[in-house]
Every structure is written in structure tokens, then in C-alpha cells.
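**Q** Got a predicted model here, sequence first, then my questions.
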Amino acid sequence: MEAEKGVKTIEYVTDCQIESDFELMFPASYIESIPERMNLYRELDNISNERDLADFEQRLIDRFGAIPQEGLELIQVVRLRWMAKEYGIEKLVLKNEKWIAYLVANPQSPYYKSNNFGKVLNYMAKYPRKCQLKENKGKRSVIVAPVRSVMEAYNIMTTIVQGE
């Protein structure tokens with residue numbers, strides 16, 4: 001990522017909203033108290049860096065034991081959201097085995113001349129059978145299919161970031 005190389009990261013979007021049909025939660029069998037779960041969801045939503053996220057995971061393990069798959073995927077969504085935001089994705093939809101990334105809405109944005117957008121295009125060129133670029137009512141989106149898990153979506157984003 002650009003920030004890791006000492007270069008100031010340009011923010012093309014202020015946040016990335018994620019919608020999913022995957023089960024992303026801490027099950028009641030893992031954290032019985034509803035208020036406790038709600039507090040943990042709020043805390044998770046406010047985490048903004050990897051160190052704090054790793055600390056959060058460790059505290060969960062220390063208090064409740066091994067994190068179930070649904071919880072691990074929920075935590076992974078936080079990492080996915082960070083990367084997607086950095087790469088100009090305003091909204092990421094993970095539904096019906098598809099990864100739909102809605103890119104910066106402003107077609108005049110410097111995003112479309114950025115290295116980050118170039119990496120998205122490179123990924124699409126490398127995997128043309130899996131990818132599709134669409135424009136509908138001025139909104140650009142990248143569709144990748146099939147995507148069957150949050151981890152698979154995270155791996156796609158990681159591949160884009162690494163420029164592989």
C-alpha cells in the first residue's frame with residue numbers, strides 16, 4: 001500500500017459501505033449477552049488500524065475462546081473495508097456469489113488517473129473471465145464472480161493491492 005512506502009495516501013472516498021449475504025456476526029453461542037455483543041460490534045466498527053484489530057481479536061479469544069467462523073469473517077470484513085476504501089471503492093456488495101465494487105462516483109476524480117485505479121484495471125485484465133466493468137446511470141462498478149466467502153473477497157482485494 002502506498003502509505004506503507006512512506007507516501008501519503010490520497011483519500012478518494014471517505015468511507016466504504018459493505019453489504020453482504022454472508023453470516024457476519026458473533027453468534028449467541030459465542031457471546032451470550034446481547035448488550036455485550038452490541039458493544040463489541042460498536043467497538044469493532046470504530047477500529048481503524050491493524051494493531052488495534054489484532055488486540056481486539058486477542059481480547060475476544062482471551063474472554064470467550066476460539067472465534068467461530070462467522071466472527072472471523074466479520075473481523076476480516078473490517079480489513080476488506082479498509083483496503084476497499086483506499087482503492088476508491090465507495091460500496092462493496094458481496095451477494096449472490098458476486099463481488100461488486102462501486103467505484104468513485106465523480107468521473108472527473110483524480111482517482112481515475114491513479115495507480116490504485118490502474119491496479120484495479122490490471123486485475124480485470126489478468127482475470128477477464130471472472131471480471132466485468134459496468135456503468136449504469138453514471139456509476140461505475142467492477143463485478144467479480146464467483147466469490148463465495150469474505151476470505152475470497154479479501155484475497156481478491158489483496159491481489160489488487162499487491163498488483164499481482
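**A** Nice, thanks for sending it over.
**Q** Just to check, residue 78 is in contact with residue 53?
**A** Yes. Assessed by C-beta atoms under 8 Å, residue 78 is found in contact with residue 53 at 6.0 Å. Where C-beta positions appear, they are placed from N, C-alpha and C, glycine not excepted.
**Q** Would you mark the buried spots in the lengthiest helix in the chain?
**A** The longest helix of the chain (DSSP state H) is helix 69-86. Residues of helix 69-86 classed as buried: 71-86 (neighbour count, 16 or more other C-beta atoms under 10 Å).
**Q** Relative to whichever helix or strand comes after that helix, what are the paired strands and their orientations?
**A** Scanning forward in sequence from helix 69-86, with DSSP states H and E defining helices and strands, the next element found is strand 89-95. Strand 89-95 has the following sheet partners, assigned by DSSP bridges: strand 17-20 (parallel), strand 98-103 (antiparallel).
**Q** Please list the residues outside the longest helix of the chain that contact it.
**A** The contact list for helix 69-86, computed with C-beta atoms under 8 Å, 6 or more residues apart in numbering, reads 1-3, 9, 11, 13, 15-16, 18, 20, 22-27, 30, 44-45, 47-48, 50, 53, 56-57, 60, 67, 92, 101, 116, 149-151, 153-154, 157-158, 161.
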